[in-house]
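Engineer: Return a 3D structure for these sequence lines:
(2 chains)
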Amino acid sequence: MSDQKLPTRGEDYSEWYNQVVLRAELADYAPVRGCMIVRPYGWALWENITAALDSRFKATGHVNAAFPLLIPRSFIEKEKSHVAGFSPELAVVTHGGGEELEEPLVIRPTSETIIGYAYAKWIQSYRDLPVLINQWNSVVRWELRTKLFLRTLEFFWQEGHTAHATFEEADFETRQMLDIYTDFAVREAAVPVIPGRKSDSERFAGADQTFSIEAMMGDGKALQAGTSHNLGQNFAKAFEIRYLDKNGVHQHCWTTSWGLSTRFIGAIIMVHGDDQGLIFPPRLAPFQLVIVPIYKTEDEKSSVLECAQKLRKELVAAGIRVKMDEREGVSPGFKFNDWEMRGVPLRLEIGPKDVAKGSVVLARRDRPGKEGKSFVSQQDLAASVAKLLEEIQKSLYDRALAFRNANTFETATYEEFKKAVEKGFAFSWWCGRSECEAKIKEETKATMRCIPLDQPGGTGKCVQCGEISKEKGIFARAY
RNA sequence: CGGGGCGUAGCGCAGCCUGGUAGCGCGCCUGCCUUGGGCGCAGGAGGUCUGGAGUUCAAAUCUCCACGCCCCGACCA
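Structural biologist: Next comes the predicted model:
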């Protein structure tokens, strides 16, 4: 660490983000442009994200599997709009074993096609349905403008792929998974999100309908934090995924896909972080509590460490993720700042005075300085800690929601709209036409994020063209 | 893929204009001292100056070419 202070978010939000990711040791740049090395601290966060999602997938009947990294290029070409959408960003393997391949292989940008191939083989009867499979993997899309976690050439994610007998079942699945993402974002990550439907131009290549959850970052920009697609019968027709129904008639399946990526880590960073650095929501934080022992003499050191170890064991036994910072030669003050920068939600300070009094100091990451510090008895420490962690979790959500509300504007005129998207979200009537959407983008740089599922009802005038509209949309500049 | 910026110690930079001994800050190592909000002092290690070609007695420095990275725009989880 060369300079000790981060740039503030107000000075340079983008640079604040880059630095905090590197200094907190979440990730590092790789030798190939656009690729990312996820460091242990960042991966620990991802593991907590995957665990929270995976249990929700399992609870709704999904199972995990693994499909290949390499896909015959002809597969990608089988679904018209899918090729059109993805061909500019494909990585293609042309050689293997020292020879040019007869058919180039695409490194998966997503797995609809190879899974479609497998489903066509596996599904014959309505009795085989539904198929509810998820896979955890990484995919490659040749991005030209990259940023750690938010947009990298290779990224880690989960992709769920399901096949159903009817449109209704596929529609239910699509919405159910959107609900799961919403629940995960709100309850685990303390990130308020707006679930909604994507416009035609923002739809996934090959989907009939795309839904997303949209979150507001600390600079007022939007981030798509998860997506769920109803693929209709498009892939089923391209790959001949068919089943024989009860009447003995061949039907094409209805398929869905849904994904959430390491991009979500970017959302956590930008939704909760402050000028000191990261703030992780307790439920996902790699370390929920860090212990900083404080001592001068050798005698103090042994008694403080002994006590700290005892407390650590109690906390671990209570299921709390604890880090003990026993580094020699760095001052406690340094450690305070270091762990604050790295986003640990709660810090436990213990020194000779605390050992004598049977107390500790607990300092909340979400409330800087003295205000967030409290003296707490070592008796029932685990219970006190658990309670504080819950409070922090809640206050992070409340704070993020308040910020989003303060920066979301219901705009009546186009002038108001233009001002709104400078600061945050515009929630405005929209006629639904792509031309209006394109014009808005051209003139304001804001894009149609989603049409929230939660609509006020009634009608209003499209913010751009003035036509009577039935729905309101979220518009914002986006990552 | 267009525009801009930058490649010199692990990181951040100076040196380049005006060619001639490789420098500073932070970090790292050792020792002492300190430790309740980013300690201090002393000593030390660490460089094919992104690569290639050219000009020159001599190139980090001048010329040309290549490569890489970052930032800003068009396309995307």
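
Engineer: Which strands and helices lie in contact with the lengthiest helix in chain A?
Structural biologist: As assigned by DSSP state H, the longest helix anywhere in chain A is helix A:381-406. Counting contacts by 3 or more Cβ pairs under 8 Å, 6 or more residues apart in numbering; DSSP states H and E, helix A:381-406 packs against strand A:209-216, helix A:263-272, helix A:298-317, strand A:346-350, strand A:359-364. Bear in mind the C-beta positions are built from the backbone N, C-alpha and C, glycine included.

Engineer: Columns mean neighbour count and mean pLDDT on top of these, output as JSON lines?
Structural biologist: Converted to JSON lines, the helices and strands packed on helix A:381-406 look like this (neighbours: other Cβ atoms under 10 Å; pLDDT from 0 to 100):
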{"stretch": "strand A:209-216", "mean neighbour count": "25", "mean pLDDT": "96"}
{"stretch": "helix A:263-272", "mean neighbour count": "25", "mean pLDDT": "95"}
{"stretch": "helix A:298-317", "mean neighbour count": "15", "mean pLDDT": "95"}
{"stretch": "strand A:346-350", "mean neighbour count": "23", "mean pLDDT": "97"}
{"stretch": "strand A:359-364", "mean neighbour count": "20", "mean pLDDT": "97"}
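
Engineer: now the ones you listed as JSON lines including distance to RNA strand B?
Structural biologist: Shown next, in JSON lines, are these (distance: least, Cβ to the nearest atom of the strand, whole Å):
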{"stretch": "strand A:209-216", "distance to RNA strand B": "6"}
{"stretch": "helix A:263-272", "distance to RNA strand B": "4"}
{"stretch": "helix A:298-317", "distance to RNA strand B": "7"}
{"stretch": "strand A:346-350", "distance to RNA strand B": "4"}
{"stretch": "strand A:359-364", "distance to RNA strand B": "4"}
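
Engineer: and of the ones you listed, who's closest to A:Met448?
Structural biologist: Each of the helices and strands packed on helix A:381-406 has some distance to A:Met448 by Cβ to Cβ; the shortest is strand A:209-216, at 10.4 Å.

Engineer: Give the pairing partners of that closest one; include direction for each.
Structural biologist: Applying DSSP bridges, strand A:209-216 is found paired with strand A:194-197 (antiparallel), strand A:222-230 (antiparallel).

Engineer: any idea which of these is most buried?
Structural biologist: strand A:222-230 (a mean of 25; mean count of other Cβ atoms under 10 Å).

Engineer: what's the average pLDDT for it?
Structural biologist: Averaging pLDDT along strand A:222-230 yields 95.

Engineer: what about it, distance to the chain center?
Structural biologist: Relative to the centre of its chain, strand A:222-230 is centred 9 Å away, using Cα atoms, centre = their mean, to the nearest Å.

Engineer: Stretch A:457-475 now?
Structural biologist: Relative to its chain's centre, stretch A:457-475 lies at 29 Å (Cα atoms, centre = their mean).

Engineer: Now tell me what touches it from outside.
Structural biologist: Residues from elsewhere that reach stretch A:457-475 (Cβ atoms under 8 Å, 6 or more residues apart in numbering): A:194, A:196, A:199, A:214, A:222, A:408, A:410-414, A:417, A:420-421, A:425-433, A:436, A:439-440, A:444, A:446-452, A:455-456.

Engineer: Kindly recompute the last result at 7 Å.
Structural biologist: By Cβ atoms under 7 Å, 6 or more residues apart in numbering, the list of residues contacting stretch A:457-475 from outside reads A:194, A:196, A:214, A:411, A:414, A:417, A:421, A:425-432, A:436, A:439-440, A:446-452, A:455-456.

Engineer: and A:Cys307, which of the strands paired with strand A:209-216 is closest to it?
Structural biologist: Across the strands paired with strand A:209-216, closest to A:Cys307 is strand A:222-230 (Cβ to Cβ), at 42.0 Å.

Engineer: Make JSON lines out of the strands paired with strand A:209-216 and add distance to RNA strand B.
Structural biologist: Output for these, formatted as JSON lines (distance: least, Cβ to the nearest atom of the strand, whole Å):
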{"stretch": "strand A:194-197", "distance to RNA strand B": "13"}
{"stretch": "strand A:222-230", "distance to RNA strand B": "4"}
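
Engineer: Adding distance to A:Ile241, write those out as JSON lines.
Structural biologist: Below are the strands paired with strand A:209-216 laid out as JSON lines (distance: least, Cβ to Cβ, whole Å):
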{"stretch": "strand A:194-197", "distance to A:Ile241": "25"}
{"stretch": "strand A:222-230", "distance to A:Ile241": "15"}
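
Engineer: before we move on, the earlier item: chain center to the longest helix of chain A, what's the gap?
Structural biologist: Put simply, helix A:381-406 sits 19 Å off its chain's centre (Cα atoms, centre = their mean).

Engineer: model confidence over that helix, on average?
Structural biologist: The pLDDT scores in helix A:381-406 average 97.

Engineer: Now do the helix or strand just after that helix: everything it contacts.
Structural biologist: Elements were assigned by DSSP states H and E; along the chain past helix A:381-406, the next helix or strand is strand A:408-410. If you take Cβ under 7 Å, 6+ apart as the criterion, strand A:408-410 is touched by A:Glu416, A:Ala420, A:Gly424, A:Phe425, A:Ala426, A:Phe427.

Engineer: buried ones in strand A:408-410?
Structural biologist: A:Thr408, A:Phe409 (16 or more other Cβ atoms under 10 Å).

Engineer: ok, that strand: who's next to it in the sheet?
Structural biologist: Strand A:408-410 is paired, per DSSP bridges, with strand A:425-430 (parallel).

Engineer: Quick check: mean pLDDT of the strand it pairs with?
Structural biologist: 95.

Engineer: Stretch A:102-111 too?
Structural biologist: For stretch A:102-111, mean pLDDT is 92.

Engineer: Just the endpoints, please. Distance across that stretch?
Structural biologist: End-to-end distance for stretch A:102-111, by Cα to Cα, to the nearest Å: 22 Å.
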